[in-house]
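Q: What shape does this take:
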Amino acid sequence: MRVIIIGAGEVGSELAAKLSKEDLDVTVIDRDKESLERLASLDVMTMQGNGASLELLEAAGIKNTELLIAVTEVDEINIMACLLAKNYGAQKTIARVRQSDFGSEYRSISNEGLGIDVVINPELVTASEIIKVVKSTYASEIELFARGRVQMLGFRLTDDSPLTGKPLRELNMEEDTLVVGINRYSHFIIPSGENKLQDNDHIYLVTRPGQHLSYQWLTGKPTTPFKNIMIIGAGKVGRHLARMLGKYRRLGVEVKLVDHKLSRCQEVAEEFPEVLVLHGSGTDLDFLRQEDIESTDVFIAVSGSDETNILSALLAKKMGAKKTVVEINRPDYAMLVETLDIDTAVRPRLLTAGRILQLVRKGSIISVTILGEDQAEVIELNVRDNAAVCGVKLKDLKLPESMLVGAIVRDDQVIIPGGEDYIQPRDRVVLFVLSGLTQQAVKLFCE
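A: Numbers count the residues shown, from 1 in each chain. The predicted model follows:
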């Protein structure tokens, strides 16, 4: 399969790194020479220039390309690249589009003549992920699979958690609950029954939706409602959040949207009359005290600056905010955030890359979710009739290390599996793997 990626920024480089490991013919185009040089260690072809240039696209082999992914920072370049690619032979096009004037996430606008099969709005994807975390009064992360019939929850353990210090096989877990991942200071583990949990581990559980879990028992921390919410940053992500959370005002939820630019505050106040818009800074201690930060249930930092987001969240937590959520874009901050008292770090580039990957890995792959700092993946897939894993008990299957079946969906039945369970053809499986095992997983379950 031939893939052309327009843009070697954060999302483009992430996709190039992932796709180059999957036996695909990948070409990356970017104007910036230094961005392309950072891809030198990858098995990809690089071309310097304008990705919306027909001459350059032809030189890259656009007429024989199955997929073009345009993820530059400029919407117009992405749209023009898709338009040219579609008109000159590309089978499918995906564009990252930030401006709402052009469309919303996953809305096909090919019938408008723009040649885009799928539009992805990174800020909307990020805001939607944050909303899931806010609505969960206990988890730091939450994902749904199998049309909402399987859920994955992320938790940070404290020294008060009764889960630490014992092998997983000895833990008295809730029924139909399985530990499927451990992120320990940016080292990701797909566990076996012999692994032991430690203080400050970020763990991932698979359960059924609606499954009653004693969060305080599991983590050692009390649950957090979401009645009082403060958002730092009235940019695109902040505005999406204000629109989404404003709908909960009738349920008694109070939302404060804070920005350091007065002109932006005035603009946003007119756009969202149901939200209290404040001119201030998330790193100003006097401002935070004045706004009763200690009564804030969820503090969300999406200012556009990683440093501001991290610092403001740490200050808010120190001053009494119950739950903190930050937007992080720089990969080199991943390990730092894991060591800090921050409940949830949302990474837009990985969210966007995950959405695109599930479109690239067509066929039996239904969804792809990236965990940690791209150390692991959750792959939701349909098992083929002649797959090698069919009909063998999981305890006898001898899957590769760092590969774990988290859930099996068979017709209307959801199975959180143990060693005695087995996989049948056409089951839907939620699989947890370290990133380097993706292709091996596909071969075992889908070929």
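
Q: Run through the helices of the stretch 301-447 of the chain in chain order.
A: In the stretch 301-447 of the chain, helices defined by DSSP state H, counting those that start in this stretch lie at 306-318, 334-339, 348-360, 394-397, 438-446, listed in chain order.

Q: do the stretch 151-300 of the chain as well
A: Counting by DSSP H, counting those that start in this stretch, the stretch 151-300 of the chain has these helices, from start to end: 215-219, 236-246, 262-271, 285-290.

Q: by contact count, what packs against the longest one?
A: Here helix 236-246 touches helix 122-135, strand 228-232, strand 254-259, helix 262-271, going by 3 or more CB pairs under 8 Å, 6 or more residues apart in numbering; DSSP states H and E. (C-beta placed from N, C-alpha, C; glycine too.)

Q: now that helix: mean pLDDT?
A: Per-residue pLDDT over helix 236-246 has a mean of 94.

Q: Tell me what angle it forms with strand 254-259.
A: 170 degrees (axes from the mean of the first three to the mean of the last three CA atoms, to 10 degrees).

Q: contacting residues around helix 236-246?
A: 98, 123-124, 126-128, 130-131, 134, 229, 231-232, 234, 253, 255, 257, 259, 268, 271-272, 274-275, 300, 302, 327, 348 (CB atoms under 8 Å, 6 or more residues apart in numbering).

Q: so N121 touches A95, yeah?
A: No - the criterion here is CB atoms under 8 Å, and N121 misses it with A95 at 9.9 Å.

Q: okay, these two: which has more neighbours?
A: Neighbour count, other CB atoms under 10 Å: between N121 and A95, A95 has more, with 30 against 25.

Q: Where does that one sit: helix, strand or coil?
A: strand (DSSP: H, G, I helix; E, B strand; the rest coil).

Q: Least confident secondary structure element in this structure?
A: Ranked by mean pLDDT, DSSP states H and E, the weakest helix or strand in the chain is helix 215-219, scoring a mean of 68.

Q: Okay, buried residues for stretch 145-153 please.
A: 145-146, 149-153 (16 or more other CB atoms under 10 Å).

Q: what's the closest non-adjacent residue to Y88?
A: Of all residues not flanking Y88 in the chain, I62 sits nearest, at 5.2 Å (CB to CB, 6 or more residues apart in numbering).

Q: thought the one you found was touching L84?
A: Yes - between I62 and L84 there is a contact under CB under 8 Å: 7.5 Å.

Q: residues bridging contact with those two, i.e. touching both?
A: Counting by CB under 8 Å, 6+ apart, nothing touches both I62 and L84.

Q: Help me confirm that I4 is found in a helix?
A: No - secondary structure of I4 (three-state DSSP): strand, not part of a helix.

Q: contacting residues around it?
A: So I4 contacts 26-29, 57, 60-62, 65, 67-69, 85, 90 (CB under 8 Å, 6+ apart).
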